[in-house]
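> Could you look at this predicted model? Sequence included:
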Amino acid sequence: MASYLVTTPNGLYLESVSGAITSISLPSGVSITSGALCRPALFGTNGDPYIVVVNGLSSDIYIDKSGIARTLQLQPPAGAPAVTTGAGTDLTGVYKVAVTFKIKDGSGKLVAESALSPLSTGSVSLSNVSLAVNSIPVSNSTDVNARGLYRTLSGGNVLYPWFDIDDNTTTSEDRGGSDANISLLPTTATTIGLPPLLSLIMAWKDRLWGVPRLNPDFPQWTESLQFYAWNATNQIVAPPQNTDPYGVLAFIPRRDQLGIARRNRLYQITGDSNDTFARTEVSPNIGCLSQESVVVVRDVAYWLGERGVVEWTSQSLMYVSESQVDAWFTTDNFFNRGLFGLAQGRYNPDTDSYELLMAGLGSTSLNMWVSFDLKRRAWFGPHTTDLPLSCCATDTERHGYLRDAGQLPMTAFGGGTGILYKRDSTVADDDNNPVEMDLTLPLLGTFAPEMDKVWLDPTLHSRIEPASTGSNTVTITAAVGSLNADGIIDDANPVVSEADLTEDFQRLDRPGEGRYVSFRFQHAAQGERVRIFGLEVPYNIIGRRGR
């Protein structure tokens, strides 16, 4: 679609790539659910795109391309039609009839259809006459503008499409039509079921997949290209059943596998149709904590599990954070792990990175994020913001980014104040405020941590930056010594150097003597970048200190 869905505590909106905002009027009786995230999926039916929105509303809805919202749960007729002998010709035998409610667009294309009514009342045996249908149900929904009538063949029980009534007022019709003609039509009505209220939604293999709010152990899916057709038989269990209040917490859509994740278990669905969909277990102990943390990049999936960030490829499933930043996710020193279930992920196309937004230690809002560089396989962060963020902005197709007017990808944050912030890659500022850099490199011990060393004058290599009205310097603090109980160097008198950003390389002050050395880079000047290419640290070994 040419717009993005924006959800706030006060309503839903469509935002065009040019920035124009259109408010979406919710259907009568539907309201925003406080504290619950709206979860959208983009889905095409009859050549038109629809956004299906679940979880964050009192009833699930779908939004058409013109921005009109309707309830997904279109109630079927409660009453049955009645049949009697008609005044025409064509039919001989005993017939049964049922009715559905339909919604059609201005060109007559089907938008949505309900499940079937009960079968017709009354029993008449016809002999070359037509069939009269009376008491045809009328919907209370103002969206319904047509009804579909389905009929069996003579003496049969399978319903076939018979004809449509393109209004919501007519209550009687008299029709014929030979059995030979209608038996050539597909029996689609029996596959339409009432959609359950859903907590999760995902598009995969031309179907919508959802998790019922009241039955979270049993994911369901629709008929092909029919977002309204939730046949009750289209479901599969994600065991073990009834063992926790969460059930399935995430869908993970890759090209040929749909991951179905509980908190500590992962299954995959393979196949291409209702007859071939099959479930297999991928892991009995790795799961997902947050649907919003799931991002798929080049058919590789990333998300937040109980012990860190998981990477799922066609060859492996692993905690990709374990070797470098395990403490971020397994200790209480960095983030509020109690809010991991609210974590949100996205793909940053500017840096080719997976980014994960989380609540910092002691915080109840999403004020920190970390990033995993997919090419270098390196972690960066944690990054902190003072903005009251509420989410990572993402499109309805789960790419994890938005697109600008030129269709180029851009990253964005949703603010708790109702503002959508996009990343400006041309400056190092936030509006007119500098973005502070505070980076500490890993400890350097030269693979001989028991040896005392003389750390000599380091050489800093950086990009030549243009002179500005700011400081034009980056502050580098070198600490040397041994480690305390917290794994930090105790140095009462660290060496502080000011490096000139307008030079390509320069010598820094000598750090001194000690087993380890660490370097901290700090910069907070408006309009200035800091691009470090490398740091050379020569040293001489003094020897091993006696004990």
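Structure received. Please read all numbers here as calculations on a predicted model, not as lab measurements. Numbering: from 1, shown residues only.

> Tell me the helix or strand right after the longest helix seen in the chain.
Using DSSP state H, we find that the single longest helix of the chain is helix 322-330. Next helix or strand after helix 322-330 toward the C-terminus (DSSP states H and E): strand 344-348.

> which helices and strands sit right next to that next one?
When contacts are defined as 3 or more CB pairs under 8 Å, 6 or more residues apart in numbering; DSSP states H and E, strand 344-348 packs onto strand 295-297, strand 300-305, strand 353-358, strand 389-392. Using the backbone N, CA and C atoms, a C-beta is placed for each residue, glycine as well.

> Quick one: distance of the longest helix of the chain to the chain centre.
Relative to the centre of its chain, helix 322-330 is centred 24 Å away, using CA atoms, centre = their mean, to the nearest Å.

> okay, the angle between it and strand 300-305?
40 degrees (axes from the mean of the first three to the mean of the last three CA atoms, to 10 degrees).

> Check which residues of helix 322-330 are buried.
For helix 322-330, burial by neighbour count (16 or more other CB atoms under 10 Å) applies to Val325, Trp328, Phe329, Thr330.

> just those residues now: which is nearest Ala238?
Nearest to Ala238 out of the buried residues of helix 322-330 is Phe329 (CB to CB; 24.0 Å).

> Nearest residue to that closest one in space, ignoring adjacent ones along the chain?
Leaving aside its sequence neighbours, Phe329 sits nearest to Gly308 (CB to CB, 6 or more residues apart in numbering; 3.9 Å).

> For my notes, confirm Asn285 occurs in a strand.
No: according to DSSP: H, G, I helix; E, B strand; the rest coil, the state of Asn285 is coil, so it is not within a strand.

> okay, it: pLDDT?
Asn285 is assigned 96 on the pLDDT scale.

> Please shift the residue numbers so they start at 366 in all later answers.
OK, 366 is where the count begins now, so the last one is Asn650.

> residue contacts, it?
Asn629, Arg630 (CB atoms under 8 Å, 6 or more residues apart in numbering).

> and with 7 Å instead?
Asn629 (CB atoms under 7 Å, 6 or more residues apart in numbering).

> I'd like to know how far it sits from Arg672.
To Arg672, Asn650 is 10 Å away according to CB to CB, to the nearest Å.

> With Tyr515 instead?
As for Tyr515, its distance to Arg672 is 53 Å (criterion: CB to CB).

> So if I had to pick from these two, which one is more boxed in?
Using other CB atoms under 10 Å, the more surrounded residue of Tyr515 and Arg672 is Tyr515, with 24 against 15.

> Name the nearest residue to the more buried one, sequence neighbours excluded.
Nearest to Tyr515 is Leu524, by CB to CB, 6+ apart, at 4.0 Å.

> Mind picking the two most distant members of the buried residues of helix 687-695?
Val690 and Thr695 (9.7 Å).

> which stretches of the chain have low pLDDT?
366-367, 753-766, 769-771, 781-782, 788-792, 796, 910-912 (pLDDT under 70).

> got the residue ranges for the helices in it?
With DSSP H as the definition, the chain shows helices at residue ranges 544-547, 687-695.

> For the first one, list every residue counted as buried.
Right, the one you point to is helix 544-547. Asp544, Ile547.

> returning to what we had before: which residues touch the residue nearest to Tyr515?
Ala463, Tyr515, Arg516, Thr517, Thr552, Ala554, Thr555.

> ok, back up a step: highest mean neighbour count out of the helices and strands packed on strand 709-713?
Highest mean neighbour count among these (mean count of other CB atoms under 10 Å): strand 718-723, with a mean of 26.

> partners of that strand in the sheet?
Strand 718-723 pairs in its sheet with strand 709-713 (antiparallel), strand 733-738 (antiparallel), by DSSP bridges.

> and of the helices and strands packed on strand 709-713, who's closest to Val819?
strand 718-723 (37.8 Å).

> which stretches of the stretch 416-565 of the chain form strands?
Taking DSSP state E, counting those that start in this stretch to define them, one finds strands in the stretch 416-565 of the chain at 426-428, 434-436, 447-450, 456-459, 462-469, 475-478, 490-494, 496-499, 511-516, 525-530, 538-540, 563-569.

> Dump those to JSON lines, plus distance to Gly899.
Below are the strands of the stretch 416-565 of the chain laid out as JSON lines (distance: least, CB to CB, whole Å):
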{"stretch": "strand 426-428", "distance to Gly899": "51"}
{"stretch": "strand 434-436", "distance to Gly899": "55"}
{"stretch": "strand 447-450", "distance to Gly899": "85"}
{"stretch": "strand 456-459", "distance to Gly899": "87"}
{"stretch": "strand 462-469", "distance to Gly899": "63"}
{"stretch": "strand 475-478", "distance to Gly899": "60"}
{"stretch": "strand 490-494", "distance to Gly899": "90"}
{"stretch": "strand 496-499", "distance to Gly899": "82"}
{"stretch": "strand 511-516", "distance to Gly899": "69"}
{"stretch": "strand 525-530", "distance to Gly899": "71"}
{"stretch": "strand 538-540", "distance to Gly899": "82"}
{"stretch": "strand 563-569", "distance to Gly899": "44"}
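
> Tell me which of those strands approaches Ser383 most closely.
Comparing the strands of the stretch 416-565 of the chain by CB to CB, strand 426-428 comes nearest, at 19.0 Å.

> Could you pull out the buried residues of the closest one?
Applying 16+ other CB under 10 Å to strand 426-428 flags Ile426, Tyr427, Ile428 as buried.

> Could you dump those into a markdown table with distance to Ser679 added?
Putting the buried residues of strand 426-428 into a markdown table (distance: CB to CB, whole Å) gives the following:
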| residue | distance to Ser679 |
| --- | --- |
| Ile426 | 35 |
| Tyr427 | 33 |
| Ile428 | 34 |
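
> Among the residues you listed, which one lies nearest to Glu646?
The nearest member of these to Glu646, counting by CB to CB, is Tyr427 at 32.8 Å.

> give the contact list for the closest one.
Tyr415, Ile416, Val417, Arg435, Leu437, Phe592.

> CSV please, covering the residues you listed and showing neighbour count and distance to Leu825.
Shown next, in CSV, are the contacts of Tyr427 (neighbours: other CB atoms under 10 Å; distance: CB to CB, whole Å):
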residue, neighbour count, distance to Leu825
Tyr415, 24, 55
Ile416, 25, 50
Val417, 25, 53
Arg435, 23, 61
Leu437, 27, 59
Phe592, 24, 57
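
> Out of these, flag the one nearest to Gln891.
Closest approach to Gln891 among these (CB to CB): Ile416, at 40.0 Å.

> so how far is Leu456 from the spatially most distant residue from the centre of the chain?
For the chain, the residue at maximal distance from the C-alpha centroid (CA atoms, centre = their mean) is Ser492, at 58.1 Å. To Leu456, Ser492 is 9 Å away according to CB to CB.

> Could you do Lys469 as well?
On the measure of CB to CB, Lys469 and Leu456 end up 27 Å apart.

> State the number of residues packed around the nearest residue in space to Asn533 that is not next to it in sequence.
With sequence-adjacent residues excluded and distances taken as CB to CB, 6+ apart, Asn533 is closest to Val509, at 5.0 Å. Burial of Val509 is recorded as 23 neighbouring residues (other CB under 10 Å).

> residues in contact with Leu806?
By CB under 7 Å, 6+ apart, the contact set of Leu806 is Ser883, Phe884.

> Can you tell me how far it is from Val819?
Distance of Leu806 to Val819, computed by CB to CB: 19 Å.
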